[in-house]
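Trainee: Sequence and predicted model, in that order:
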4 protein chains.
Amino acid sequence: MSKVFGIIRHMAGNTFGKLFRVTTAGVSHGPGYLCIIDGCPAGLALSVDDLLPDLRRRKPGQSKLTTQRDEDDLPEIWSGIFEDKTDGTPIGISFRNGDQRSNDYGDIKDKYRPGHADYTFDAKFGFRDYRGGGRSSARETICRVAAGAVAKKLLAIHGIRILGYVKQVGSVIANIPDPTAVTLEQVEASPTRCPEPVAAQAMYDLIDATRKDRDSIGGICELVAVGVPPGLGEPVFDKLKADLGKALLSIPAVTAFEYGNGFAVATMRGSENNDIYRTDFRTETNRHGGMLGGISSGMPIVCRVAIKPTSSIPRAQKTIDRDGNATEILVKGRHDPCLLPRFVPMGEAMIALVLVDHLMHAKTSKI
Amino acid sequence: MSKVFGIIRHMAGNTFGKLFRVTTAGVSHGPGYLCIIDGCPAGLALSVDDLLPDLRRRKPGQSKLTTQRDEDDLPEIWSGIFEDKTDGTPIGISFRNGDQRSNDYGDIKDKYRPGHADYTFDAKFGFRDYRGGGRSSARETICRVAAGAVAKKLLAIHGIRILGYVKQVGSVIANIPDPTAVTLEQVEASPTRCPEPVAAQAMYDLIDATRKDRDSIGGICELVAVGVPPGLGEPVFDKLKADLGKALLSIPAVTAFEYGNGFAVATMRGSENNDIYRTDFRTETNRHGGMLGGISSGMPIVCRVAIKPTSSIPRAQKTIDRDGNATEILVKGRHDPCLLPRFVPMGEAMIALVLVDHLMHAKTSKI
Amino acid sequence: MSKVFGIIRHMAGNTFGKLFRVTTAGVSHGPGYLCIIDGCPAGLALSVDDLLPDLRRRKPGQSKLTTQRDEDDLPEIWSGIFEDKTDGTPIGISFRNGDQRSNDYGDIKDKYRPGHADYTFDAKFGFRDYRGGGRSSARETICRVAAGAVAKKLLAIHGIRILGYVKQVGSVIANIPDPTAVTLEQVEASPTRCPEPVAAQAMYDLIDATRKDRDSIGGICELVAVGVPPGLGEPVFDKLKADLGKALLSIPAVTAFEYGNGFAVATMRGSENNDIYRTDFRTETNRHGGMLGGISSGMPIVCRVAIKPTSSIPRAQKTIDRDGNATEILVKGRHDPCLLPRFVPMGEAMIALVLVDHLMHAKTSKI
Amino acid sequence: MSKVFGIIRHMAGNTFGKLFRVTTAGVSHGPGYLCIIDGCPAGLALSVDDLLPDLRRRKPGQSKLTTQRDEDDLPEIWSGIFEDKTDGTPIGISFRNGDQRSNDYGDIKDKYRPGHADYTFDAKFGFRDYRGGGRSSARETICRVAAGAVAKKLLAIHGIRILGYVKQVGSVIANIPDPTAVTLEQVEASPTRCPEPVAAQAMYDLIDATRKDRDSIGGICELVAVGVPPGLGEPVFDKLKADLGKALLSIPAVTAFEYGNGFAVATMRGSENNDIYRTDFRTETNRHGGMLGGISSGMPIVCRVAIKPTSSIPRAQKTIDRDGNATEILVKGRHDPCLLPRFVPMGEAMIALVLVDHLMHAKTSKI
């Protein structure tokens, strides 16, 4: 092993944000997760109940589209709240891991699951927690969703609302003419979290068929933030587009990010891609996705991310073990056949964390 | 104005990286630019000559595809080098602005150029340097390219090579079957920086026709890093994919980022998207673009970014002035009809900065 | 209130370190404390047992010199350890608050305790947790001491040992001719943590007499680090002396920091203060306290901090309430008459955190 | 050499501050210095003239008490100012090194100057700029003083004023009954920068006598900030006292820091050290030096630092060379016999940088 794996020094990478700063710890098959939110202003009414709605949207077992792993996902708040309001000190939250069934993962102890981080964790740290995804498990996003719920509540006070939905699964693409008109109710109406009913049904059928076929399927999530004031984003490196990109790409399984016209700009001319200002300082179109020069323009922020098909599929795959021997692996466990539905609250949370961090640099704080 | 523009507090956003840290200052129509590179190891042979090749690739006026603005772009090194080697102290570099012709920009003083950051800078800071793009000008990337040249030299010692090229302009898409086989010579053979000659010629013709049509055109740049050891990237927020995404999205005009299969994962199944390990710890395919779990896998890193068509086009466009009155604007200046050719060294530089920062956390430093 | 207290925005200040990074949350009278240690290398043998010795040294109720508040102070480790070794992921630790008796503090709800942070927290956040010291309570150092124990274990692998002791209480000054010769056993032999028996007894008597007199007394703690390799410390701002000063001054009640000759340099001449090198690259004397130019010299690091007398004294004091009315306060609670004995592990912990952070930048890592 | 000096990895340590962020580059005998100030709010009237007064106070050659090295010390501003006001983009400043006389330093090429950072730089980086102090030279503070002048101007808008003065040289101690009553005129009236005329004369005589005796002498500088609003400072690590301590200890030759009663608390009782509140929320006395719980109280901030006697003394000293051979060294160059007079603006600058950074987190920004 040692001759192969030389790099074991690493740096602290488990904190996100500068002024609104989230730090997380925990792995999927250990005792649980800790989350510390530092920098939340004092005076915000907050309780566990504020965290539950998004945590429930992220929770497994919501439908047959999602893994049946049964997690309580109940947060305990250790600090940061006094007499039902934030007190300006760091908010500490924990989640106990319950239903672990770690023996489901026994086969992966010495084998590298294709598409997973098993090999790269070994390469980085010299060994890894073979009981499951360890630190690379998307279960860590439970902390992000909780922190995002706090951020969303702060943003709501400033009139900023964030909503995501499933735009595409496989070849099924929802037709959403106005991303800013989508409502939370529409999104939550389907277990697919696609707000367009016809596409939602087609996605449902596709995911279910894929599941029965012992395979998985990818897709695209679109995320919208309305009410963002102009002026957020820091030239030249901490542009809002750059921070949003980093935030969303830090979520497991995300392989691509675009905003506004995104990749479609490649085939466009300037005369087609420029948005024209109206006399109310807004633009007639929103090809720029709400950001110009990396600074919010006051128009809705619209972006999209691609989520790859779940790497764990319930069929035998060729792979190697830690010694480099060819072998086969059959990943048991319980895995979503499509990550998209549960991704939506994760994506919203990361956007909320970025926006609240940038908003805290702005002058007009209401809290 | 004051009732419209409320946000004027901001935060320092002009530093990139943690251990290899680049800070830049300067605007397009002021005296010049300063760049400080902090954290470069001592002992690296370095002189101005190491910076010139990439600076020349970034320089305007290389062909009729690029702006004819004539800049010397000659760096002066103020510190950080002693007896031809880096001495471990910060490397200070300056660039004088020469040919400014600021009267070219007189018309934009009170009008917002469509697609530019004029309005958002006003919204953020309360006013802006109306002589040109100011801090949002891509001329700032001169600092990044210089710093990237230092980073590239460090990476080369560790066997890491970075190369970018133009993959697509408008509807012209180059066929590059093996991104890792492209050479610098192939890239530099055409003023388009497309390594595939037939596509290069088609791109050239398209850009030239677009220019004559007083318009601009977008495109896609593909970037490849080979020799990256497995283990770079920090879970859970500072993943390599997240840091690369942020780095590239911080460059002006970039609207999208993807790596590996990127957005194409949306229509893929897990059985199609997973890469299978070979017994030498590499994978048969590289759909994962060299990163799994946000950590480098040892396979080549392959990513793509979209660059929008130049917002400045030499034709009258409808817009408003700072008071919200409807008007027309004709942006004179000198602007590239397509940003792609000059983007290549900028993209390479940002990848180099990310990789060297992550590499410095790793154990096996040769310097 | 609102006209008096205008500043309520604040920034995240609960993280310490760059590569070895500690984040804490919790208040004295809430459910408990959370601590996340990010950046600890993988492969370090670690269990709760490694944390207990220093936690016990910090624990209240060790003798009649310290507060009788009875805390379990038992850590629970949530993450970061796999099969008895650190796994490179963040180490999450929690401490439940047990014996709180918050009604002891009822009198302070609306009154400002002299010498405490009651008023300044109100001024900063608009209100505060009036049940006790809240976030300003030294109980937060339980997290630092736990994190420091991990840092000490890493440092020990590299041959670095840290030891503190009580140098002075009131006018009683211990005579310690060679700070590097003091042993942990000598320090722990007396509840005063003064290693010199005659002075220790005099300190004990002084503290006890002060306690009986319903007052408190200050003192000086000296801290020594041996085995520190030359070369730690980053010019020009992150000098080792600067980071040590910040670390120690961040502990409650510390009002002064000096290293080497410290304030005594004021009356010295260069010819008296310079240390002369021996041919083994060490110096004949150690007036420079192990740091030159803010970089470790390889000589022992020797520094001292002053700790003020406990602000809470069991006697009536004049003060005001939140509305500015003159009143009297009698702080009940249970408080150490002298903070020095329990300070020693806190000071050691902060030095350990600084040294391990700087050591992680150095090349010669053994883990 | 290589077997002795193993540590050559290091980290970027040349940036100070979070929201108001200063980065410097340059060495004493290279082309010059660069300084980038990032995060200064837009709209502050600023020109070179604002920097000159403090730069002149820092300048060598002001009297026979200071080194006769003749430096122009004229800053050039490269960016960040537009139409005489800051524009919100980073402020770039350069200083050319003029009168270098590097041959004065020839003798130190291979010898370690006692008290200097020669050996520790070699140990850290593997080699060093032997032409002078290199990066450890106090000439770097020219950047800090320039940045401090900008910070001071921002602070003045918020009613905050910073003033330092020489409190002690050798055994001569100035009697300053009320630190807040000292004026800039009183400080500048004597080349010693001691505002008390009798002590100033005694200091002058002592420094002059020491100089003639080919030696140097240390001292204490006291620094005062008035008008600081209550509420600045971030629990638990980024306390104001901790950040001030770090800032001042990062200046060359500073060996100790204290605020309020400082080291004198060691012999005090709680009943003597606590300050009593008046009904106007101020305290009758200011033993706490304007900070409680590490947060500003609204009372004047009063702190003191010790500055060691200049290590370079114009007499032969025993030392070793880089190979460890015993030798003698006679440091020629031109050096202040006492660093205190020129230290005053450096200390003020660092306090200004800390206060403006903390103030920018506060709600009530006037710019």
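Mentor: Received the coordinates, thanks. Residues are numbered from 1 along each chain as shown, chains lettered A, B, ... in the order given.
Trainee: Now do the SS call for A:G347.
Mentor: helix (DSSP: H, G, I helix; E, B strand; the rest coil).
Trainee: show me what contacts it?
Mentor: When contacts are counted by C-beta atoms under 8 Å, 6 or more residues apart in numbering or on different chains, A:G347 touches A:G164, A:C221, A:L223, A:L248, A:I251, A:V305. From N, CA and C alone the C-beta is placed, and that goes for glycine too.
Trainee: surely the fifth one meets A:M350?
Mentor: Yes - the pair A:I251 and A:M350 qualifies as a contact (C-beta atoms under 8 Å) at a distance of 6.3 Å.
Trainee: what touches both of those two?
Mentor: A:R144.
Trainee: So if I had to pick from those two, which one is more boxed in?
Mentor: A:M350 (32 against 25; other C-beta atoms under 10 Å in any protein chain shown).
Trainee: Counting only helices, which of the contacts of A:G347 make the cut?
Mentor: Members of those lying in helices (criterion: DSSP state H): A:L248.
Trainee: what bits of the stretch 101-250 of chain A have low per-residue confidence?
Mentor: Under the criterion pLDDT under 70, the flagged ranges of the stretch 101-250 of chain A are A:101-106.
Trainee: How about the residues of it by chain D?
Mentor: A:P235 (C-beta under 8 Å from any C-beta of the partner chain).
Trainee: in the stretch 101-250 of chain A, which spans are strands?
Mentor: For the stretch 101-250 of chain A, strands defined by DSSP state E, counting those that start in this stretch occupy the ranges A:161-169, A:172-173, A:219-226.
Trainee: Next, the buried residues of the last one.
Mentor: Think strand A:219-226. Neighbour counts over strand A:219-226 (16 or more other C-beta atoms under 10 Å in any protein chain shown) mark A:G219, A:I220, A:C221, A:E222, A:L223, A:V224, A:A225, A:V226 as buried.
Trainee: contacts for that strand?
Mentor: In contact with strand A:219-226 (C-beta under 8 Å, 6+ apart) are residues A:160-170, A:176, A:179-180, A:182, A:203, A:248, A:290, A:300-307, A:338-340, A:343-344, A:347-348, A:351, A:355, B:263, B:266.
Trainee: List the neighbouring strands of that strand plus their orientation.
Mentor: strand A:161-169 (antiparallel), strand A:301-307 (antiparallel) (DSSP bridges).
Trainee: Of those, flag the one that's most buried.
Mentor: Most buried of the strands paired with strand A:219-226, by mean neighbour count (mean count of other C-beta atoms under 10 Å in any protein chain shown): strand A:301-307, with a mean of 27.
Trainee: which residues are contacting the very next helix or strand once past that one?
Mentor: Next helix or strand after strand A:301-307 toward the C-terminus (DSSP states H and E): strand A:317-320. Residues outside strand A:317-320 that contact it (C-beta under 8 Å, 6+ apart): A:111-114, A:326-331, B:271, B:274, B:276-279, B:281.
Trainee: Taking those residues, please make a PyMOL selection of just the buried ones.
Mentor: Buried members of the contacts of strand A:317-320, defined by 16+ other C-beta under 10 Å, are picked up in PyMOL with:
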select buried, (chain A and resi 111+112+113+114+327+329+331) or (chain B and resi 271+274+277+281)
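Trainee: Out of the contacts of strand A:317-320, which sit inside helices?
Mentor: The members of these that map onto helices under DSSP H are B:S271.
Trainee: which ones among the contacts of strand A:317-320 are found in strands?
Mentor: Of the positions in the contacts of strand A:317-320, A:A326, A:T327, A:E328, A:I329 sit in strands, assigned by DSSP state E.
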